[in-house]
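Novice: What follows is a predicted structure for the sequence shown.
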Amino acid sequence: MKLLILDRDGVINHDSDAYIKSLEEWIPIAGAIEAIAQLSKAGWTVAVATNQSGIARGYYSLQILEAMHTRLSELVAEQGGELGLVVYCPHGPDEGCACRKPKPGMLKAIAAHYQAELPGVWFVGDSKGDLEAALAVGAQPVLVKTGKGERTLSKGVAASTLIFDDLAAVARALI
C-alpha cells in the first residue's frame, strides 16, 4: 500500500491562529484538493491526522468538525479522488493524551487502520509538532511552506526533512 499522511490546517486548508471554527472559515489552499485527488487516482491512500484542540476549548463542536471533513471528502470526490481515514485529536495541549501531535498516536491509529508500517511513510505537515510526530515513528517528515511552514522552517528542521512549497508540489514529486 502506498500511504501518505497529511496534517490538515496549513497543509490542506488555510490556517488561522484564531482557529478554523466554522465551515465558512474552512477554505482549501489553492491546488490542495486537486493534489489529494491526483494522489488518490495514482494509487495513493491519503489519510489525515489533525490536532483539533478547538473542540476542547469550546470554539466549535464535533458536528462542525465532521462537517468540515465531510466537505473535504466531497471536494476530493468531485475531482475524481477518494480521501482516506481522517483522525483528529480533540484534546487540549495540557490533557496529557497520547494522540496530540507531537505525540504519534494519530499516526499509529492510521497505521493500525490500514495494517501498514510507518517507517518511510511520508507525513506532510507545516509545524514542528508534525515533524516531531513523523520522526517519533520513523516516518519521513515532509514540510510544506504553506500555513506555518515558513515560520517552522525559519526555526530549523531536522536534516532528514523534505521541504516543498505546497501540497501540490508534494503530489508532483510522488506521482
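Specialist: Received the coordinates, thanks.

Novice: where does residue 98 land on pLDDT?
Specialist: Per-residue pLDDT puts residue 98 at 95.

Novice: measure residue 152 to residue 60 for me?
Specialist: Noted for residue 152: a distance of 24 Å to residue 60, by CB to CB, to the nearest Å. C-beta here means a position set from N, CA and C on the backbone, and glycine is covered the same way.

Novice: More neighbours: which of these two?
Specialist: Ranked by neighbour count (other CB atoms under 10 Å), residue 152 and residue 60 place residue 152 first, with 23 against 19.

Novice: what about the more buried one, which SS state?
Specialist: helix (DSSP: H, G, I helix; E, B strand; the rest coil).

Novice: Buried ones in the lengthiest helix in the chain, by neighbour count?
Specialist: In the chain, assigned by DSSP state H, the helix with the most residues is helix 62-78. By 16 or more other CB atoms under 10 Å, the buried positions in helix 62-78 come out as 64, 65, 68, 69, 72, 73, 75, 76.

Novice: pLDDT and distance to residue 49 added to the residues you listed, as a markdown table?
Specialist: Shown next, in a markdown table, are these (pLDDT from 0 to 100; distance: CB to CB, whole Å):
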| residue | pLDDT | distance to residue 49 |
| --- | --- | --- |
| 64 | 98 | 19 |
| 65 | 98 | 14 |
| 68 | 98 | 15 |
| 69 | 98 | 12 |
| 72 | 98 | 13 |
| 73 | 98 | 15 |
| 75 | 98 | 19 |
| 76 | 98 | 16 |
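
Novice: for the longest helix of the chain, the distance to its chain's centre please.
Specialist: Put simply, helix 62-78 sits 14 Å off its chain's centre (CA atoms, centre = their mean, to the nearest Å).

Novice: Would you state the helices of the protein in chain order?
Specialist: Counting by DSSP H, the helices of the chain are 32-41, 62-78, 105-114, 128-136, 149-154, 167-174.
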